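Q: Pasting the sequence and the predicted coordinates here, then a few questions.
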Amino acid sequence: MDRPSWAPGEVDLDRPSAARVYDYYLGGYHNLAVDRAFAEQAMKAMPELPLIMRTNRAFLRRSVRHLVGTGIRQFLDLGSGIPTVGNVHEIAQAAAPESTVVYVDKDPVAVAHSQVILEGNPRAGVLQADLREPHVVLDSAPVRELLDLDQPVAVLMFAVLHFVRDDEEAAASVRRLMGALPTGSYVVISHGTHEPVGERGREVERLYTRTDNPLAPRNQAQVAKLVSGLEPVEPGVVFLPLWRPDGPDEVDDHPERSCTYGVVARKP
């Protein structure tokens, strides 16, 4: 297979990548035949997948706008993935141009594309790192240059903690990051669940064992534990369409079809 110009040399072109599969679900073009074949197989098991991904992006937009409205001007986006239209810096800086954003991902393709997208934007940066190593993230040059950790920061974890299979490790990642930030900081989490779809969701989970990021869906109570000790913003841990929708048209009779819980929580 010829290596695309956007794929770094260390990327395995024969193995599906969760980041590139997500890009395909959203209609992007930074994906390979192996990713598209995998995504099509997953969508046969669970046709709602593209809708779920779009619902997650809508939650990203609403939650970032909400945080800007509360006065937050610093964002740390963990597991940021391959950039698509409507990313965090676009939303935050459109509302408050002084906002600063650091994107963090362990996927070299996601990082390479972020670097291209952010070129010329002095208030946004990117870092290749694993969210399970908060000290590496917080001690990095992009974070030190762009974020003042003595002032409130919003930590964003959209559709990423369900790739951390160990429950305690997932909770500890949130706990250590928020423990290093001042009062008034926030964490935003969206997290996949099998609860509404049962066996179809478990089939997708089995498929993801073939990728570089196996899935670990959690139920509502488990997602709530991820923000233990923090103050959830109303309406708490809910299916994504129910978290502060912009209007009634955003919520149909089956918000559970999003198969994803969302929560925004503040450090007291």
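A: On my side now, so go ahead.
Q: Flag every buried residue along stretch 226-239.
A: Within stretch 226-239, the residues scored as buried using 16 or more other Cβ atoms under 10 Å are 226-227, 230, 233, 236-239. Any C-beta I mention is one placed from the backbone N, CA and C, and that applies to glycine too.
Q: Repeat that for stretch 16-29.
A: Taking 16+ other Cβ under 10 Å as the basis for neighbour counts, the residues of stretch 16-29 that come out buried are 16-26, 28.
Q: quick one: average pLDDT of that stretch?
A: Computed over stretch 16-29, the mean pLDDT rounds to 82.
Q: need the contact list for the residue lying closest to residue 146 once chain neighbours are set aside.
A: With Cβ to Cβ, 6 or more residues apart in numbering as the criterion, residue 146 has its nearest non-adjacent residue at 4.5 Å, and that residue is residue 100. Residues touching residue 100, when contacts are defined by Cβ atoms under 8 Å, 6 or more residues apart in numbering, comprise 73-75, 123-124, 146-147.
Q: Save those residues as a markdown table, and put in secondary structure too.
A: Rendered in a markdown table, the data for the contacts of residue 100 read as follows (DSSP: H, G, I helix; E, B strand; the rest coil):
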| residue | secondary structure |
| --- | --- |
| 73 | coil |
| 74 | strand |
| 75 | strand |
| 123 | coil |
| 124 | strand |
| 146 | helix |
| 147 | coil |
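Q: Report the two of these separated the most.
A: Pairwise distances across the contacts of residue 100 (Cβ to Cβ) peak at 12.5 Å, for the pair 73 and 124.
Q: Who has more neighbours out of the two?
A: Neighbour tally, residue 73 and residue 124, criterion other Cβ atoms under 10 Å: the higher count belongs to residue 124, 25 against 22.
Q: From residue 102, how far out is the more buried one?
A: Relative to residue 102, residue 124 is positioned 7 Å away (Cβ to Cβ, to the nearest Å).
Q: Give me the common contacts of those two.
A: Shared contacts of residue 124 and residue 102 (Cβ under 8 Å, 6+ apart): residue 146.
Q: Correct me if wrong: residue 243 contacts residue 59.
A: Yes - counting by Cβ atoms under 8 Å, residue 243 does reach residue 59; the two are 6.0 Å apart.
Q: Which neighbours do these two have in common?
A: Any residue near both residue 243 and residue 59 by Cβ under 8 Å, 6+ apart counts here, and that gives residue 262.
Q: Return the per-residue confidence for residue 89.
A: Note for residue 89: predicted pLDDT of 95.
Q: State the number of residues packed around it.
A: Summarising burial for residue 89: neighbours were counted as other Cβ under 10 Å, giving 23.
Q: list the contacts for it?
A: Contacts for residue 89 (Cβ under 8 Å, 6+ apart) come out as 75, 99, 101, 118, 121, 123-124.
Q: Sort these by pLDDT and name the bottom one.
A: Within the contacts of residue 89, residue 118 has the lowest pLDDT, namely 89.
Q: Take the contacts of residue 100 and lay them out in a markdown table including distance to residue 93.
A: Converted to a markdown table, the contacts of residue 100 look like this (distance: Cβ to Cβ, whole Å):
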| residue | distance to residue 93 |
| --- | --- |
| 73 | 10 |
| 74 | 12 |
| 75 | 10 |
| 123 | 7 |
| 124 | 8 |
| 146 | 12 |
| 147 | 15 |
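Q: For this structure, give me the ranges with low pLDDT.
A: Along the chain, segments meeting pLDDT under 70 span 1-12, 83, 85.
Q: how does it look with 90?
A: Low-confidence segments of the chain, defined by pLDDT under 90, are located at 1-34, 45-51, 53-54, 81-86, 107-119, 194-215, 246-254, 257.
Q: And the buried residues of stretch 16-29, which is closest to residue 163?
A: Distance ranking of these against residue 163, using Cβ to Cβ, places residue 18 first at 6.6 Å.
Q: Identify the residue nearest that closest one in space, chain neighbours excluded?
A: Nearest-residue entry for residue 18: residue 213, 3.8 Å, with adjacent residues in sequence omitted and distances by Cβ to Cβ, 6+ apart.
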